[in-house]
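Provided below for reference: sequence and predicted model.
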Number of protein chains: 2
Amino acid sequence: MEPLNRFDLIGFDADDTLWDNESLYLNTQAAFKQMLARYRSLEYIDQRLFDTETRNLQYFGYGIKSFALSMIETAIELTDGQVLGKDIQLIIDLCREMLKAEVRLLDGVAETVAALAKDYPLMILTKGELFDQETKVARSGIADYFQSVEVVSDKTEAAYAAVLAKHRVAPARFLMVGNSLRSDILPVTAIGGHAVYIPYELTWAHEAVEALEGEKPYEEIASIRYLPDLIASMSRSG
Amino acid sequence: MEPLNRFDLIGFDADDTLWDNESLYLNTQAAFKQMLARYRSLEYIDQRLFDTETRNLQYFGYGIKSFALSMIETAIELTDGQVLGKDIQLIIDLCREMLKAEVRLLDGVAETVAALAKDYPLMILTKGELFDQETKVARSGIADYFQSVEVVSDKTEAAYAAVLAKHRVAPARFLMVGNSLRSDILPVTAIGGHAVYIPYELTWAHEAVEALEGEKPYEEIASIRYLPDLIASMSRSG
């Protein structure tokens, strides 16, 4: 007898879950720090950039263009307005390169997504800039495995609830997979959904959360390769 | 006998259809040109900015952050890199003010939308940056009249077809209302939908299209106030 599917929908975060993203930011940030290294220490530049990004989040939202504007503001501030036009241009050029960069799938993603798509409706559920995320999905080579793509401006409990309502999926029948406890895991389990955490080697400080006490309300695996087996075992026990 | 509704869904463009938007861009652009007026003529600055925006569209998409980055690039280019840090900062400050600006509904919008919402499911269907558009909808004071909000990265025929498919609405049962022939009207009529064009006094050059020859496949009214009567007459004749 075929077991019934435990989930009606499996959502995947995209950046640093399906494809590498954070290393693009880190490489650009390294070039940015090098440019300003004659003015300030690298640690100081890092801290001021993070402060600027955090302050701008409410106006600019997430994404590469926001990052570009925050780097430009930080460069002006740290140099007391002496930063050169060619350095500002370099920041914009670096960000345009990020937007054009090849989409590099993480290890195991292509096979795992292809296998799961045979049994489950899959969704890409990502936050950030619509235009940037859509073009990455289109360039990824795995778009056809996903029945839907949802880009939200922030991954809050309300945002997940709205997406699930739109797709008529009960939270208890939804599984989310991602690399950010803050964005992919905790808001989903908070509304009664299921979540699998796949840590990535690089994580932006903004996405970090304090260590949780007690029993974790989610599953954790080291590679997306283990996801089909984990889902099979969740289905047996569920 | 109550007439049956002619449409299953009425979509509204947002910027310059429901609320003023273009004047924010024009005011910022005026300040930008003033800043650079000692280097070049105002007409030349306008033309170079438009060229930069057009070139960047494929990488940056639409929206205020893209506009900011294109102004910064144009300022660097027109000054041979001599632009001052404080002027770049002013560009960013102006754009942050645009993102925070009060949402000013156009004349007649509040009453018309409230009246139509009694008889029809209404949707906001806008292009641009998700974060920016969502916060504007939330601040508009008329969000509750709309059953759904769809932000697309560009308003192509395919984008309209995808939105209608998602909402299970046949194009022939869909009416779109907007101020841009290029984005709101022609792609909708091309896929078999209906459209009402409400020109706005200000239109970005990018949205302009050549005058159409022959019979126009859409309705045109001078104010959103005439929309309920127009829809009533379309329903009688349809």
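In hand now; what should we look at?

Around the nearest residue to A:H167 once chain neighbours are set aside, how many other residues sit close by?
Leaving out its chain neighbours, the residue that sits closest to A:H167 by Cβ to Cβ, 6 or more residues apart in numbering or on different chains is A:L9, at 6.3 Å. Backbone N, C-alpha and C define where each C-beta goes, glycine included. Residues within reach of A:L9, counting by other Cβ atoms under 10 Å in any protein chain shown, total 23.

From what I see, A:L9 and A:P171 are in contact.
No. If you go by Cβ atoms under 8 Å, A:L9 and A:P171 don't touch, sitting 10.2 Å apart.

and after the lengthiest helix in chain A, which helix or strand comes next?
Taking DSSP state H as the criterion, chain A has its longest helix at helix A:42-60. Tracing the chain past helix A:42-60, the next element assigned as helix or strand by DSSP states H and E is helix A:64-78.

Okay, angle between the helix or strand following that following helix and helix B:42-60 too, please.
Using DSSP H and E, the helix or strand that follows helix A:64-78 towards the C-terminus is helix A:85-100. Between helix A:85-100 and helix B:42-60, the angle comes out at 40 degrees (axes from the mean of the first three to the mean of the last three Cα atoms, to 10 degrees).

Please state the offset of stretch A:99-106 from the chain centre?
13 Å (Cα atoms, centre = their mean, to the nearest Å).

Show me what from chain A comes close to chain B.
Within chain A, the positions near chain B by Cβ under 8 Å from any Cβ of the partner chain are A:56, A:59-62, A:65-66, A:68-69, A:72-73, A:75-76, A:79-86, A:88-89, A:92, A:95-96, A:99-100, A:129-132, A:134, A:151-154.

Would you list the buried entries among those residues?
A:56, A:59-62, A:65-66, A:68-69, A:72-73, A:75-76, A:79, A:83-85, A:88, A:92, A:95-96, A:99, A:129-132, A:134, A:151-154 (16 or more other Cβ atoms under 10 Å in any protein chain shown).

who's in contact with the closest residue to A:T112 other than its chain neighbours?
Spatially, and ignoring its direct neighbours in sequence, A:T112 is nearest to A:I224 (4.9 Å; Cβ to Cβ, 6+ apart). A:I224 makes contacts with A:T17, A:L106, A:D107, A:G108, A:V109, A:T112, A:V177, A:I198, as judged by Cβ atoms under 8 Å, 6 or more residues apart in numbering or on different chains.

which one among the residues you listed gets closest to A:G141?
Distances from A:G141 to the contacts of A:I224, taken as Cβ to Cβ, are shortest for A:V109 (10.0 Å).

Could you check the pLDDT of A:W204?
At A:W204, the pLDDT value in this model is 72.

ranges for the helices of chain A?
Under DSSP H, chain A gives helices at A:22-36, A:42-60, A:64-78, A:85-100, A:109-117, A:130-140, A:157-166, A:186-190, A:227-237.

Need the contact partners of the second one.
Contacts with helix A:42-60, where a contact means Cβ under 8 Å, 6+ apart, come from A:29, A:32-33, A:36-37, A:40, A:66-67, A:69-71, A:73-74, A:77-78, A:205-206, B:65, B:96, B:99-100, B:131.

Quick check: beta-bridge partners of the spatially most central residue of chain A?
By Cα atoms, centre = their mean, the mean C-alpha position of chain A lies nearest to A:D15, the distance being 3.8 Å. Beta-bridge pairing for A:D15 (DSSP bridges): A:W19.

Need the contacts of A:I224 in a markdown table (columns: neighbour count).
Formatted as a markdown table, those follow (neighbours: other Cβ atoms under 10 Å in any protein chain shown):
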| residue | neighbour count |
| --- | --- |
| A:T17 | 25 |
| A:L106 | 18 |
| A:D107 | 10 |
| A:G108 | 14 |
| A:V109 | 21 |
| A:T112 | 22 |
| A:V177 | 28 |
| A:I198 | 25 |
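
Which member of those is positioned nearest A:S237?
A:V177 (17.9 Å).

OK, contacts around that closest one?
A:I10, A:G11, A:F12, A:D13, A:T17, A:D184, A:A195, A:V196, A:I198, A:I224, A:L227.

pLDDT weak spots in chain A?
Low-confidence segments of chain A, defined by pLDDT under 70, span residues A:1-4, A:208, A:210-212, A:238.

mind giving me the domain split of it?
Residue ranges for the domains of chain A, per automatic domain parsing: A:9-19+A:103-237, A:23-100.

could I get the ones you listed as CSV with distance to B:T52?
CSV is the format used below for the domains of chain A (distance: least, Cβ to Cβ, whole Å):
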stretch, distance to B:T52
domain A:9-19+A:103-237, 17
domain A:23-100, 10
